[in-house]
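J.: Show me how the following folds:
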Amino acid sequence: MFEFEKLLSSTSPGLPVMTLRGSPIPTLSELNLAPSDRKTWQRLAASHKSWLERRVPTARYNCAGLAWSSRRTWVDSADQTVDLIRVEDQYSVLPRTTEAIREGDLVVYFLAGQGARRQFFHVGQVVSIGQGNPWEANTLVLSKFGWGAEVRHFLHEIPDRGFQYIEHEFWRES
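T.: Residues are numbered from 1 along each chain as shown. Alright, predicted model coming up:
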């Protein structure tokens, strides 16, 4: 979907960001978008009719930057970075009960079936909980997909890049 490796190989460190315990979180400076990148985003957005675009595409921040750096920088989303943030920023993984989820919680998506360890895929913020079970599709999430636009979407409407096994969990700061 996006050519992250090509884009990330030509960047320098971004703004300094730290966990609550003071550990540095790896970041990258703003990426440059080519006209073809914007067209790729337009095709992706057009294939998700229910997405509501909230901000124009930008490479200043990614989904992790939206969730953990207030849109200021592109946050490295390697598994060890996400684990560090979860532990040192004191996030709790919420139990699968309907009353547990609140607006403002994070929904963290993982690729499942990748050997013994699942792999981080995406993070967004819960902005609205529909009627019924919030673990189902009626929950609305605010997300940023790579260098694309910031969008509001239903829980399960994320670009899957061809992966069949994506699971999610909800996190809340303790």
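
J.: For residue 96, see how far away residue 22 is.
T.: Separation of residue 22 from residue 96 (CB to CB, to the nearest Å) stands at 32 Å. Yep, even glycine has a C-beta here, placed from its N, CA and C like the rest.

J.: out of these two, which sits in the busier spot?
T.: Using other CB atoms under 10 Å, the more surrounded residue of residue 22 and residue 96 is residue 96, with 12 against 7.

J.: Pick out the residue nearest the middle of the protein.
T.: Centroid-nearest residue in the chain: residue 123, 2.7 Å away (criterion: CA atoms, centre = their mean).

J.: Does that one touch residue 63 like I think?
T.: Yes. With contacts counted by CB atoms under 8 Å, residue 123 reaches residue 63, the gap being 5.1 Å.

J.: joint contacts of the two?
T.: Both residue 123 and residue 63 are in contact with 77, 143, where contact means CB atoms under 8 Å, 6 or more residues apart in numbering.

J.: any idea where the helices of the protein begin and end?
T.: 4-8, 35-46, 63-68, 79-88 (DSSP state H).

J.: could you say what helices and strands the third one packs with?
T.: Pointing back at helix 63-68 there. Helices and strands touching helix 63-68, by 3 or more CB pairs under 8 Å, 6 or more residues apart in numbering; DSSP states H and E, are strand 74-75, helix 79-88, strand 119-128, strand 140-144.
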